[in-house]
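Peer 1: please work out how this folds:
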Amino acid sequence: MEKHGPPIYSLLGPIQNAMARGGVRGWLIYDVRGRNPVARRLFGFEPELPEHRFFYWIPTEGLPLAIAHESDGPALPELPGECVFYRKAIELRNRLERHLPRGGKILVESGSFAQVAEIAIVDEATLSLIRS
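Peer 2: Numbering: from 1, shown residues only. This is a model prediction of the structure:
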């Protein structure tokens, strides 16, 4: 981690500006067990890594939202925005439904971008929710 916190602190504004110029509603970043190199760099997930599914919603405007498993909470670095927790898959889905916008373009990483097959763990139900 950097001296002044994870890199997301200094990159949040430029990320949001770029999304606004591109007509994007936001970026949903996904990680599990530190397998997403983008998430590891942005959030400073070294040496602690989330053991469960971790999502970080960066809206084009406003503060981000982390969605993390409650058992991962103590290991997460302090990140900009709010953090909500889940215990079960249905709670995770409810959090995503509640906080993701309906309509518009949403950025989501794919396995080919991150070059890590397990990023495809973003299940079809989550992708279907995002597509809707």
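
Peer 1: in the protein, which helix is the longest?
Peer 2: The residue-count maximum for a helix in the chain (DSSP state H) belongs to helix 8-21.

Peer 1: so where is this structure shaky, pLDDT-wise?
Peer 2: Applying pLDDT under 70 to the chain picks out residues 1-4, 47-48, 110-132.

Peer 1: and the helices in it?
Peer 2: 8-21, 37-43, 89-99, 111-114, 124-131.

Peer 1: of the ones you listed, which is nearest residue 64?
Peer 2: Smallest distance to residue 64 across the helices of the chain (CB to CB): 7.1 Å, for helix 8-21. All C-beta atoms are positioned from the backbone trio N, CA, C, and that covers glycine.

Peer 1: the closest one packs against which elements?
Peer 2: On a contact count with 3 or more CB pairs under 8 Å, 6 or more residues apart in numbering; DSSP states H and E, helix 8-21 meets strand 24-31, helix 37-43, strand 54-59.

Peer 1: next, the angle from that helix to strand 24-31.
Peer 2: Between helix 8-21 and strand 24-31, the angle comes out at 140 degrees (axes from the mean of the first three to the mean of the last three CA atoms, to 10 degrees).

Peer 1: and the contacts of helix 8-21?
Peer 2: The contact list for helix 8-21 (CB atoms under 8 Å, 6 or more residues apart in numbering) reads 4, 25-27, 42-43, 58-61, 64, 79-80, 107.

Peer 1: list buried members of those by neighbour count.
Peer 2: Burial by neighbour count, 16 or more other CB atoms under 10 Å: within these this picks out 25-27, 42-43, 58-60, 64, 79-80, 107.
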